[in-house]
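Novice: pasting the sequence and the predicted coordinates here, then a few questions.
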Amino acid sequence: MPRPVNITYRIFPTPDAVAHAGAHLFANAAASAVQTRGRARIAISGGTTPEAMFALLADPAQPFLKQIPWDKLDLYWVDERSVPPTDADSNYRMTNEAMLSKVPLPTAQIHRIEGELDPEVAAARYESAIRNSFKLEGAETPTFDLVLLGMGDDGHTASLFPHTEAINNLTDIATANRVPQKDTWRITLTWPVINQGREVVFLIEGADKAQVLHDVLLGPYQPDTFPSQIIRPASGRLTLLLDSAAASKLPVPENGETTGTLELK
Ligand code: 6PG
């Protein structure tokens, strides 16, 4: 049975405003984790949506670059494509170009997924890297301070695609996932690990996501068809940063507000 979750969705007029909200959230999560636990561990997604947020985080004209305690931040990826780090499709490449090449984040704190390796090997090595950097023992699993997710127009999130094996993986931290509909492999964090994040946030933009977002949030629970539905954090809270195009099929928040809430039983 899915666990109940309180969803807060914030609607912004443009993708640029979503990027600013995401950058604020990233900087605040990093600062508060460092203040509370001395270290911030954040897992980011790829695709196209987060690129503008990464650019803002690295922009010297914005406050974020100075606010973020880069020396105490460990950065991880939610998922990666099965390609080398220089490939146009690489999530690492996108992040590196938009942000990493411009910020003082020590290389040892950048935990990329080695998409150039055999996917099973890459997943096993990534899992070990996570275990080592979190200093996990035995069956312990990682608790990220912030997990940033995107959603595809087929309802996938991370590299948990509809009707793929990784949806059934409840035991590993990271796994290789064969994605027949894209004729490719991906490497992804598993959903129990994503759900263990202290803060789990989707960034979703564009009219092509509106219907599926409606179905994910308000339709029947069918996680094999809509893997994003499986994201129900243990904290009981989930945040969505949306542009108005993506939010166009959701209930309009009351009193002209831009923040809506949904309680999923
Ligand atoms: C990836 C992702 C993936 C992504 C969605 C949305 O590697 O592709 O991490 O889950 O977040 O596909 O992608 P867009 O932001 O490009 O719409």
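Specialist: It's in.
Novice: correct me if wrong: Val193 contacts Leu170.
Specialist: No. The pair Val193 / Leu170 is not scored as a contact, 9.9 Å apart, by C-beta atoms under 8 Å. Placement of C-beta: from N, CA and C, glycine included.
Novice: get me the contact residues on the stretch 101-250 of the chain for the ligand.
Specialist: For the stretch 101-250 of the chain, the contact set with the ligand under C-beta under 6 Å from any ligand atom comprises Gly150, Met151, Gly152, His156, Thr157, Ala158.
Novice: redo these as a markdown table? Include secondary structure and pLDDT.
Specialist: Below are those laid out as a markdown table (DSSP: H, G, I helix; E, B strand; the rest coil; pLDDT from 0 to 100):
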| residue | secondary structure | pLDDT |
| --- | --- | --- |
| Gly150 | coil | 98 |
| Met151 | coil | 98 |
| Gly152 | coil | 98 |
| His156 | coil | 98 |
| Thr157 | strand | 98 |
| Ala158 | coil | 98 |
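Novice: list just the nearest of these to the ligand.
Specialist: The ligand lies nearest to Gly150 out of those, by C-beta to the nearest ligand atom, at 2.3 Å.
Novice: do I have it right that that closest one meets Phe202?
Specialist: Yes. Look at Gly150 against Phe202 with C-beta under 8 Å: they come within range, at 6.9 Å.
Novice: overlap in contacts, these two.
Specialist: Here Gly150 and Phe202 share the contacting residues Thr157, scored by C-beta atoms under 8 Å, 6 or more residues apart in numbering.
Novice: so for the two, which sits in the more crowded spot?
Specialist: Neighbour count, other C-beta atoms under 10 Å: between Gly150 and Phe202, Phe202 has more, with 25 against 22.
Novice: what is the host helix or strand of that one packed up against?
Specialist: Using DSSP states H and E, Phe202 sits in strand 200-204. Under the contact criterion of 3 or more C-beta pairs under 8 Å, 6 or more residues apart in numbering; DSSP states H and E, strand 200-204 touches helix 15-37, strand 146-149, strand 237-243.
Novice: picking that back up, higher neighbour count, Val193 and Leu170?
Specialist: Counted by other C-beta under 10 Å, Val193 and Leu170 do not tie: Val193 has more neighbours, with 25 against 9.
Novice: nearest to Ala58, of the residues of the stretch 101-250 of the chain next to the ligand?
Specialist: Nearest to Ala58, judged by C-beta to C-beta, of those is Gly150 at 19.2 Å.
Novice: about what we covered before: out of the helices and strands packed on strand 200-204, which is the most enclosed?
Specialist: Ranked by mean neighbour count, these are led by strand 146-149 with a mean of 25 (mean count of other C-beta atoms under 10 Å).
Novice: residues in contact with it?
Specialist: 22, 25-26, 29-30, 33, 40, 42-45, 50, 78, 157-158, 189, 194, 197-203, 228, 231.
Novice: redo the helices and strands packed on strand 200-204 as TSV? Include mean pLDDT.
Specialist: Output for the helices and strands packed on strand 200-204, formatted as TSV (pLDDT from 0 to 100):
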stretch	mean pLDDT
helix 15-37	98
strand 146-149	99
strand 237-243	98
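Novice: so which of these gets nearest Pro85?
Specialist: strand 146-149 (19.5 Å).
Novice: neighbour-wise, which one of the residues of the stretch 101-250 of the chain next to the ligand leads?
Specialist: Within these, Ala158 tops the neighbour count with 30 neighbours, counted by other C-beta under 10 Å.
Novice: what's that residue in contact with, if anything?
Specialist: Shown in contact with Ala158 (C-beta under 8 Å, 6+ apart): Ser45, Val78, Asp79, Leu149, Thr188, Leu189, Trp191, Ile194, Pro227.
Novice: let's see 7 Å
Specialist: Counting by C-beta atoms under 7 Å, 6 or more residues apart in numbering, Ala158 makes contact with Ser45, Val78, Asp79, Leu149, Thr188, Leu189, Ile194.
Novice: okay then, goodbye and thanks.
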